[in-house]
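In: Fold the following for me, if possible:
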Amino acid sequence: MKEVILLVGHGSRDDEGANEFREFAARVQAVIRDQGPVFSGKLVFPLEAREVRACFLELTDPPILDTISRCVEEGAERVIVMPLFLVPAGHMKNDVPSAIHLARARYPKVEFIYGPHLGLDARLLSVLDERLAEVEASAPSRDRQETAVLLVGRGSSDPDANGDVYKVARLLWEGRGFGWVETCFVGITVPRVAEGIRRCIRLGARRIIVLPYFLFTGVLVRRIFRQAEAEQGRFPEVEILCGRHLGGHANLLEVLLQRIDEALHGQVHMNCDLCKYRVKWPGFEVQYGQPQISDHHHGLRTGHGDHGHTPSPPPRGEG
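Out: Next comes the predicted model:
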């Protein structure tokens, strides 16, 4: 059986960000093809190679559906779809599943497996530790008790996804000696970057390390840096420094391999107890029980403008 692992990235108008994703996908392919990776003392993949393909949800080509079509045309009988997202927001809950529903309708003889997002993981926290250490090593020594870390997430209309960013911030505070680890977002929701920086200043921080919680660079990461620079001009008495995004770190590769392994062995677990589609959250009641949907700018996007018939989505949870 020919199997393909489909890595789904968000997409970016920034070529550097898209290329970072492609380079990471190439590393995943190299590990699977050349090393037969071992994780936690067991073989994650059989020695026969699985092909790895990269695609994007929006802004960058190739789209998900076009890539799936190409895989099927080339003989794929099983496609393992892996969303390369840090938190379980709408793209993972709606857009990618909608693409899979349509692909299943088009190719009923092909098996599609939907893997989990990256999620909260100690190995990714270790990467954040490294990014913080890089910033501290490049600046004059200062007591961590005088330092605030400002973790910047993408921001979502999904409370569950935003809550995960806050949890990462709390875990990052534990045991590391920083005076504060605060949370903000670059878009969609609040608090925003400027508000987060000013909160850190009000709390008494003498140094603020702005840390993007992003996998790859792009327009939004650069926006975070510009906003931090603007706040530095407004508050010259406080040192404001910026750390790097996660990037294609070896720990990210290891976490992804584990998620692929979980998908292949039917061990995908998601906490649906806090999902706004399963729970009537205050302010989000209208979205309770909604079916999985997408549009032709995201999960149903194609490179040739195909706006053909889309099958009705199945009940939520069957994707």
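In: what's in contact with stretch 189-196?
Out: Residues from elsewhere that reach stretch 189-196 (C-beta atoms under 8 Å, 6 or more residues apart in numbering): 150, 152, 155-157, 162, 182-186, 199, 210, 224, 227-228, 230-231. Glycine gets a C-beta too; all of them are placed from N, C-alpha and C.
In: how close does residue 83 sit to residue 76?
Out: Applying C-beta to C-beta, to the nearest Å, the value for residue 83 to residue 76 is 18 Å.
In: quick one, which of the two is more surrounded?
Out: Taking neighbours as other C-beta atoms under 10 Å, residue 83 and residue 76 compare with residue 83 leading, 25 against 22.
In: all strands for the stretch 51-200 of the chain, in order.
Out: Applying DSSP state E, counting those that start in this stretch to the stretch 51-200 of the chain gives strands spanning 51-56, 78-83, 111-114, 147-153, 180-185.
In: Quick check: which of those has the most neighbours on average?
Out: Neighbour counts (mean count of other C-beta atoms under 10 Å) averaged over each of these peak at strand 147-153, with a mean of 26.
In: Each with direction, which strands does that one pair with?
Out: Partners of strand 147-153 in the sheet, by DSSP bridges, are strand 180-185 (parallel), strand 207-212 (parallel).
In: And the ones you listed: which comes nearest residue 245?
Out: When those are compared by C-beta to C-beta, strand 207-212 sits nearest residue 245, at 4.7 Å.
In: Mind listing residues that contact that closest one?
Out: Against strand 207-212 from outside (C-beta under 8 Å, 6+ apart): 128, 131-132, 135-136, 139, 142, 146-152, 193, 197, 200-201, 220-221, 224-225, 228, 238-245.
In: counting contacts, what elements does the helix or strand residue 241 falls within pack onto?
Out: Using DSSP states H and E, residue 241 falls within strand 239-242. Helices and strands touching strand 239-242, by 3 or more C-beta pairs under 8 Å, 6 or more residues apart in numbering; DSSP states H and E, are strand 207-212, helix 219-234.
In: quick one: average pLDDT of it?
Out: Regarding strand 239-242, the rounded mean pLDDT is 99.
In: Next: stretch 135-154.
Out: Averaging pLDDT along stretch 135-154 gives 98.
In: Then stretch 283-293?
Out: Mean predicted lDDT for stretch 283-293 stands at 69.
In: where does the chain have low pLDDT?
Out: Counting by pLDDT under 70, the chain contains low-confidence residues at 35-49, 268-282, 284, 287, 290-301, 304-319.
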